[in-house]
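Enquirer: here you go, sequence then predicted model.
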Amino acid sequence: MRLDARTDQATLERMYARLTMAEFLSNTPLHLGLFARYAALFTLFPSMVLGVRFGLWVMLVFCVGVLTAMVSGHEEWAYEAVKVWLLVGVAVFIGVTFSTLLAAAKRLRLSRSTRPAERSLLPSSSPTPCGALPMPWREERDGYASQVVLCAAKAGVYALLIELHDCGRGRLVVEGLRGMCCPRCSGKAGNLQLMALMKLAAGEHRLRWRFVGDESRCPHGTVELVCRPM
């Protein structure tokens, strides 16, 4: 659906609820591709839950132990060790699935709650109109940072479109998950486009963004407030 300044709040709220639920469901066993990879990884290689480097060392020691038992004629020991390894893998997979569901439920709860304003609007403050907004960037140790100042006259769902150009390879992240849903992110060849839906309380908001990546460059582009409560 294409959003513009005439999009009403009822439509935005339905879209917000649908998109946050879709994000939640993508982190449940209904996402067969993700959980099939989890099942294969942690059932066969449960030590990977300890981290890649340490997990590989544990798996190497286990394989050496099994091979040693087989070569020395203790096949039954090797068989029992493999059974225990697979049982541990199933237990690890169940634990990872449970923790993933808890994290997804927490994210859903935060994204559906209203982001509080940093301060109330002053009598002299004007509500931010739809259109282009300033978004200057500054370099930090691990990337680039910027912020968008948005004055919300009414509580509701706001839509912000960010387009970055010649920014290299990286990802754009917002500070805090409360009241935030980013349903659409696309880009190629050093360009990036992000549509962010924000559930904001009335007041002044400073939305802080970071662009990070191994091959990132100082981004430049446009940011536009597409629609707001009327």
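Expert: Sure thing, it's come through.
Enquirer: I figured F62 was touching A81, is that so?
Expert: Yes - here F62 lies in contact with A81, judged by C-beta atoms under 8 Å, at a distance of 7.3 Å. Bear in mind the C-beta positions are built from the backbone N, C-alpha and C, glycine included.
Enquirer: show me how far the helix or strand hosting C63 is from its chain's centre.
Expert: If you go by DSSP states H and E, C63 is part of helix 52-71. The chain centre lies 34 Å from the centre of helix 52-71; the measure is C-alpha atoms, centre = their mean, to the nearest Å.
Enquirer: could you do stretch 144-154 as well?
Expert: 20 Å.
Enquirer: what residues does that stretch touch?
Expert: With C-beta atoms under 8 Å, 6 or more residues apart in numbering as the test, stretch 144-154 has contacts from 117, 121, 125-128, 133-138, 158, 160, 200-212, 216, 218-219, 223, 225, 228-229.
Enquirer: mind checking which of those land in strands?
Expert: 137-138, 158, 160, 200, 203-212, 216, 223, 225 (DSSP state E).
Enquirer: hmm, back to that, what are the buried residues along the helix holding C63?
Expert: For helix 52-71, burial by neighbour count (16 or more other C-beta atoms under 10 Å) applies to G55, M59, F62, V66, A69.
Enquirer: could those residues go into CSV alongside distance to L34 and pLDDT?
Expert: Shown next, in CSV, are the buried residues of helix 52-71 (distance: C-beta to C-beta, whole Å; pLDDT from 0 to 100):
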residue, distance to L34, pLDDT
G55, 19, 84
M59, 22, 87
F62, 26, 88
V66, 30, 87
A69, 35, 85
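Enquirer: the longest helix along the chain to helix 52-71, inter-axis angle?
Expert: Taking DSSP state H as the criterion, the chain has its longest helix at helix 75-112. Angle of helix 75-112 versus helix 52-71, following axes from the mean of the first three to the mean of the last three C-alpha atoms, to 10 degrees, is 160 degrees.
Enquirer: helices and strands around helix 75-112, which ones?
Expert: Judged by 3 or more C-beta pairs under 8 Å, 6 or more residues apart in numbering; DSSP states H and E, the packing partners of helix 75-112 are helix 9-25, helix 32-44, helix 52-71.
Enquirer: relative to F93, which of those helices is closest?
Expert: helix 32-44 (4.3 Å; C-beta to C-beta).
Enquirer: which residues are contacting the closest one?
Expert: 26-27, 29, 48-49, 86, 89-90, 92-93, 96-97, 100.
Enquirer: now a PyMOL select for only the buried ones of these.
Expert: The following PyMOL line selects those of the contacts of helix 32-44 that are buried, judged by 16+ other C-beta under 10 Å:
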select buried, resi 27+48+49+89+92+93+96+97+100
